[in-house]
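K.L.:
Give me coordinates for this.
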Amino acid sequence: MSDQEFNSLSELVYLRTGIVLTDKKRGLVYNRLRHVLRQNEIPSFHEYNLLLRNDDTGFYLSEFISRITTNFTYFNRENSHFSFMCERVLPKFTKETMLRVWSAGCATGAETYDLAMNIQDYSARQKAIAHWMVLGTDISREAIDRAAAGTFSLDQVENVPDDKRKLYFTRDAEGRYVLRDTLRTNVKFRVLNLLRESLPFQHKFHIIFCRNVMIYFDEKTRTEVVRKLINCLTPGGYLFLGHCEALPNLPDTLRREGPSIYSRR
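P.N.:
A predicted model of the protein is given here:
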């Protein structure tokens with residue numbers, strides 16, 4: 001892969017996804033894409049670049065994005081956020097509330113199902129929040145398909161307490177953990193690019209998790225994405241970012257509530 005080929009691919013990734021590929025990631029990009037070229041019998045990265053830029057079907061671009069984004073996630077990641085949500089946020093809602101939660105950049109769905117498990121547990125324990133839904137979105141079609149399947153490896157669920165594993169998972173013939181339908185009823189997934197001009201939601205969300213997504217963006221893109229997320233929050237709604245994604249320049253519309261936790265004023 002020449003400098004020109006890598007720079008051209010990096011430019012395409014940035015324009016379509018906002019993800020910044022530095023030269024340090026050239027080896028990773030090469031290793032992930034060379035398999036794509038071999039499988040599709042594409043002779044060179046130059047030809048592949050042309051194919052991506054003239055892909056009217058969206059197939060090759062979707063495959064490309066799936067390959068260069070990291071989609072491995074696991075349950076109970078940055079668990080303090082879930083504790084804060086259950087202790088400080090969920091008590092604000094009543095049985096009559098239709099609680100709407102969005103897991104943005106959900107990868108293969110662990111965070112989305114984590115949110116669902118915590119809300120379900122809280123609702124059963126407190127006899128509260130009878131109506132709720134969790135939406136998981138990601139730019140990668142492959143990741144969303146895997147999330148919707150609800151099947152996870154032992155590595156991904158090893159932080160889930162044993163009682164929760166028994167309650168929410170079954171095991172398949174290959175030993176993988178499969179989400180029970182009772183939990184998945186209120187969980188939906190869809191492909192969504194956060195860089196699209198406007199986000200296609202009819203209703204605002206009470207809670208938005210967008211964790212470990214901003215680290216791939218430059219400052220300009222981060223600012224724009226945060227603006228869009230705020231616009232999707234109800235007044236008083238909560239935004240959770242990754243622990244390494246704190247906002248140094250806090251928008252006037254947000255109030256800091258804890259480490260990487262914000263509420264809309």
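K.L.:
Tell me where the stretch 151-265 of the chain has helices.
P.N.:
Counting by DSSP state H, counting those that start in this stretch, the stretch 151-265 of the chain has helices at residues 154-157, 162-168, 181-184, 219-231.
K.L.:
among the ones you listed, which is nearest residue 138?
P.N.:
Nearest to residue 138 among these is helix 219-231; the distance by C-beta to C-beta comes to 13.9 Å. Backbone N, C-alpha and C define where each C-beta goes, glycine included.
K.L.:
Which elements pack onto the closest one?
P.N.:
Under the contact criterion of 3 or more C-beta pairs under 8 Å, 6 or more residues apart in numbering; DSSP states H and E, helix 219-231 touches strand 205-210.
K.L.:
What pairs with the strand it packs on, parallel or antiparallel?
P.N.:
Partner strands and pairing direction for strand 205-210 (DSSP bridges) are strand 98-104 (parallel), strand 233-241 (parallel).
K.L.:
Other residues contacting it?
P.N.:
By C-beta atoms under 8 Å, 6 or more residues apart in numbering, the list of residues contacting strand 205-210 from outside reads 81, 85, 89, 93, 97, 99-105, 111, 115, 135, 225, 229, 232-234, 237-241.
K.L.:
quick one: that strand to helix 219-231, angle?
P.N.:
Angle of strand 205-210 versus helix 219-231, following axes from the mean of the first three to the mean of the last three C-alpha atoms, to 10 degrees, is 160 degrees.
K.L.:
what about the closest residue to residue 110 other than its chain neighbours, which SS state?
P.N.:
Spatial nearest neighbour of residue 110, excluding adjacent residues (C-beta to C-beta, 6 or more residues apart in numbering): residue 73 at 4.2 Å. Secondary structure, DSSP: H, G, I helix; E, B strand; the rest coil: residue 73 is coil.
K.L.:
In contact with residue 73, which residues?
P.N.:
By C-beta under 8 Å, 6+ apart, residue 73 lies in contact with 106-111, 156.
K.L.:
What residues sit buried inside the longest helix seen in the chain?
P.N.:
Criterion DSSP state H: the longest helix present in the chain is helix 110-126. With burial defined by 16 or more other C-beta atoms under 10 Å, the residues of helix 110-126 counted as buried are 110-120, 122-123.
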